[in-house]
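# Next input, structure requested:
(one chain, ligands or ions: 1)
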Amino acid sequence: MTGPLVRVGVFGAAGRMGRIVCQAVLGDPGLDLVAAVDPLHAGLDLRPVTGVDVDLPILPAPEALDGLDVDVVVDFTAAAAARENLRWCAEARVHAVVGTTGLDDDDLDDLRARFRASNCLVAPNFAIGAVLMMRLAELAAPWFSSVEVLELHHDAKVDAPSGTSLLLTRRLAAAATEREDDATAVQVLEGARGAEGPGGIPIHSVRLRGLVAHHEVLLGTTGQSLTIRHDSYDRSSFMPGVLLAVKGIAEHPGLTVGLDALLGL
Ligand code: NAP
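Modelled structure (predicted):
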């Protein structure tokens, strides 16, 4: 037996992520794409702007959804825009699935206070494999005495290290029991041992044309090592996680951070 269609709106619909989200929603028989918002492209049709295969006008702001029957909104915009969009969602009692990065702890506290009548999920990484990598690394960390993180990305990435590597390292630092001190007394070249991440765990950043987004955790102890690696080959890697969140958000009251709870981790 199938349930009713979930009616979905997409904020940032003309963006790189937004248009893939629109296409993924369209391709899912359990979902109905009912609204697309993107201020700079407002008034235009979604199809010619994005190539997404549907006739839908691009709306200027969340308020344009007032009166439309929307169950869940997906937001892949920018932090400042997401703050405004999410204020509307909470007031309009619409569930929100947020992939936009750059929201800090104060933002999360604010969302926790606002989302009472509808739910909100904020996930810094929707790739299910990356979420599993973090959980597996966390499970392994107490059993190894040294750990280092390697993140490898395309050459157009402007920030280093990646947000995912920082979150991963924070979780590793919290999970690890005892780590050996680094014996390196002299760095012949500055930075040779990487950047010092949370808990002093080294993070090494590689930027290389041809790569997309890759993370590797290296764990070592006496006579053995364990390597856990995740590779994202393109933006479609985020869509199974986004669709899972869109379908599951109604069952997770208030604010949820990260996809872990929806994966039962
Ligand atoms: P992008 O191509 O710049 O897309 C952002 C879109 O949002 C643009 O079309 C922008 O329109 C639009 N926008 C700006 N303000 C808006 C508003 N108030 N309401 C609705 N739309 C608005 O960026 P992207 O690569 O798609 O990435 C978007 C976000 O997703 C970033 O924060 C990125 O870090 C994040 N991201 C997260 C994941 C994850 O797994 N969580 C994965 C990939 C990316 P204009 O062109 O008019 O400014």
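
# Every contact and neighbour count from this point should use C-alpha atoms.
Will do.

# Tell me the residues of the protein that contact the ligand?
11-12, 14-18, 37-40, 61, 76-78, 81, 99-101, 123-126, 238 (C-alpha under 6 Å from any ligand atom).

# Could I have the buried ones of the residues you listed as PyMOL selection syntax?
Under the burial definition 16 or more other C-alpha atoms under 10 Å, those of the residues of the chain next to the ligand that qualify are selected in PyMOL by:
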select buried, resi 11+12+14+17+18+37+38+39+61+76+77+99+100+101+123+124+125+126+238
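
# Among the residues of the chain next to the ligand, which lie within helices?
Judged by DSSP state H, these include Arg16, Met17, Gly18, Ala81 as members of helices.

# Skipping its backbone neighbours, what lies nearest Ala117 in space?
Take Ala117 and drop its neighbours on the chain: the residue closest to it by C-alpha to C-alpha, 6 or more residues apart in numbering is Arg93, 5.6 Å away.

# in the helix or strand of the chain with the lowest mean pLDDT, what counts as buried?
Comparing helices and strands within the chain by mean pLDDT, DSSP states H and E singles out helix 163-175 as the least confident, with a mean of 93. Residues Thr164, Ser165, Leu166, Leu167, Leu168, Thr169, Arg170, Arg171, Leu172, Ala173, Ala175 are the ones in helix 163-175 that count as buried (16+ other C-alpha under 10 Å).

# what's the closest of those residues to the ligand?
Thr164 (9.3 Å; C-alpha to the nearest ligand atom).

# residue contacts, the closest one?
Thr164 is in contact with Pro124, Asn125, counting by C-alpha atoms under 8 Å, 6 or more residues apart in numbering.

# how far away is it from Met133?
Distance of Thr164 to Met133, computed by C-alpha to C-alpha, to the nearest Å: 11 Å.

# go on, His215?
9 Å.

# Next, give phi and psi for Ile228.
phi -120, psi 120 (degrees, to the nearest 10).

# before we move on, back to that, inside strands: which ones of the residues of the chain next to the ligand?
Phe11, Val37 (DSSP state E).

# returning to what we had before: and after the least confident helix or strand of the chain, which helix or strand comes next?
strand 195-196 (DSSP states H and E).
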